[in-house]
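>>> Fold the following for me, if possible:
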Amino acid sequence: MNKEKEFISIINKILNKTSMDNILIGIGDDAAITTKNIDNNLVICSDSIVEGVHFSKKYYEFEDIGWKSLSVNISDLASMGAIPNYYTVSIGAPKNLSNDNFTKLIEGMKKCCDTYGGSIVGGDIVLSNQLFISVSATGRLISQKYMTRDAAKEGEKIAVTGNLGDSLGGFNLLKNNFDNEYLTNKHLRPTPKINQSKDLVLSGVNCCMDISDGLHNDLLNLSKKSNVGIHVDVEKIPISEDLIKEFPNTFLDIAINGGEDYELLFTFDETKIELPFEYYVIGTVIKKNSVEISYKKNNKEYYPNLDAWSHFE
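I've put the predicted structure just below:
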């Protein structure tokens, strides 16, 4: 268990003792949902980005940082089947942060709001040794249904909304002073899958999460929450031509391990649900056994080089 999961486990042990009468979905998913009155359902999430952990000013423009701070929260809302309403933003600002760069930071947030919806309604600014931004976002469900990571059923197909590994590929290029505009933009400007989220929840999909910690790590989370096993056909994982070109020997491991793609990972019964957008079936939900996730390539067992994404490592 990595350090982040250990901390979440401690939080769960302490706070789950608190009254949950008005909480429909609580700690442990991408976002929380309050009250069981569908007309008043409030979806809440929070995420932080910290200099040196989630971004470096060597590679990021300040507008990119502002965009990312909101987009990662919007992705959490999307994974639940919600759209954004309001944000509060707390900024830890170093003494040397100029007015010009601060303006670009806020402009990046504004552009993200204009693209995906929602308004910044408040927050806080404090002095900090390094730049950090903490965002709390509220949204609303678009229907009477919602999606969670604990609803996968044996026999369902596992699918993703788009290419995997591009963000990590872009990051690796940036830190080694190489460039590929497609890959680096995937890392610098995450794109929440709001439209696909709407289609998923309206089509009857119940199990969904966003891929923020890497495919393998997030499949483990889904497996544990849903108490199921997972089989993945690695040749079906969608991988961009750019990633293959730039990393011809390691693209598959990057796709399996890479964090911050923010594609949606979901399960569904393909005999009952038709989806109106392009998606990629990568595996099947199976009965839980001693191996939570199994991989196959060309009908043979495949053992990827696992280096699961973690902000604590």
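>>> OK, contacts around residue 97?
Contacts for residue 97 (C-beta atoms under 8 Å, 6 or more residues apart in numbering) come out as residue 131. For the C-beta atoms, the positions are set from N, CA and C on the backbone; glycine is no exception.
>>> so which strand or helix has it?
Assigned by DSSP states H and E, residue 97 falls within no helix or strand.
>>> and the gap between it and residue 6?
33 Å (C-beta to C-beta, to the nearest Å).
>>> Enumerate every residue touching residue 231.
283, 284, 286, 293, 294, 295, 296.
>>> From those, pick the one nearest residue 219.
Nearest to residue 219 among these, counting by C-beta to C-beta, is residue 293 at 5.3 Å.
>>> The closest residue to residue 129 other than its chain neighbours - how many residues pack around it?
With C-beta to C-beta, 6 or more residues apart in numbering as the criterion, residue 129 has its nearest non-adjacent residue at 6.6 Å, and that residue is residue 94. By other C-beta atoms under 10 Å, the residues close to residue 94 number 12.
>>> got the contact list for residue 104?
61, 62, 63, 66 are the contacts of residue 104 under C-beta under 8 Å, 6+ apart.
>>> got a pLDDT number for it?
You'll see residue 104 listed with a pLDDT of 93.
>>> Mind checking what secondary structure it has?
helix (DSSP: H, G, I helix; E, B strand; the rest coil).
>>> average pLDDT for the longest strand along the chain?
Using DSSP state E, we find that the single longest strand of the chain is strand 82-93. Taken as a whole, strand 82-93 carries a mean pLDDT of 93.
>>> partner strands of that strand, parallel or antiparallel?
Under the criterion DSSP bridges, strand 82-93 sits next to strand 119-127 (parallel), strand 132-141 (antiparallel) in its sheet.
>>> Strands along the stretch 101-250 of the chain, start to end?
For the stretch 101-250 of the chain, the strands defined by DSSP state E, counting those that start in this stretch cover 119-127, 132-141, 157-160, 207-210, 229-233.
>>> want to throw those strands into JSON lines with mean pLDDT and distance to residue 303?
Output for the strands of the stretch 101-250 of the chain, formatted as JSON lines (pLDDT from 0 to 100; distance: least, C-beta to C-beta, whole Å):
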{"stretch": "strand 119-127", "mean pLDDT": "89", "distance to residue 303": "46"}
{"stretch": "strand 132-141", "mean pLDDT": "95", "distance to residue 303": "37"}
{"stretch": "strand 157-160", "mean pLDDT": "99", "distance to residue 303": "19"}
{"stretch": "strand 207-210", "mean pLDDT": "98", "distance to residue 303": "24"}
{"stretch": "strand 229-233", "mean pLDDT": "97", "distance to residue 303": "12"}
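>>> so which of those strands is the most packed in?
Sort the strands of the stretch 101-250 of the chain by mean neighbour count, taking mean count of other C-beta atoms under 10 Å, and strand 207-210 sits at the top with a mean of 27.
>>> what's the average pLDDT for stretch 251-264?
96.
>>> and residue 165, what does it touch?
Per C-beta under 8 Å, 6+ apart, neighbours of residue 165: 239, 240, 243, 251, 254, 255, 256, 257, 258, 261.
>>> Among those residues, pick out the one closest to residue 162, please.
Each of the contacts of residue 165 was scored against residue 162 by C-beta to C-beta, and residue 261 proved nearest at 7.7 Å.
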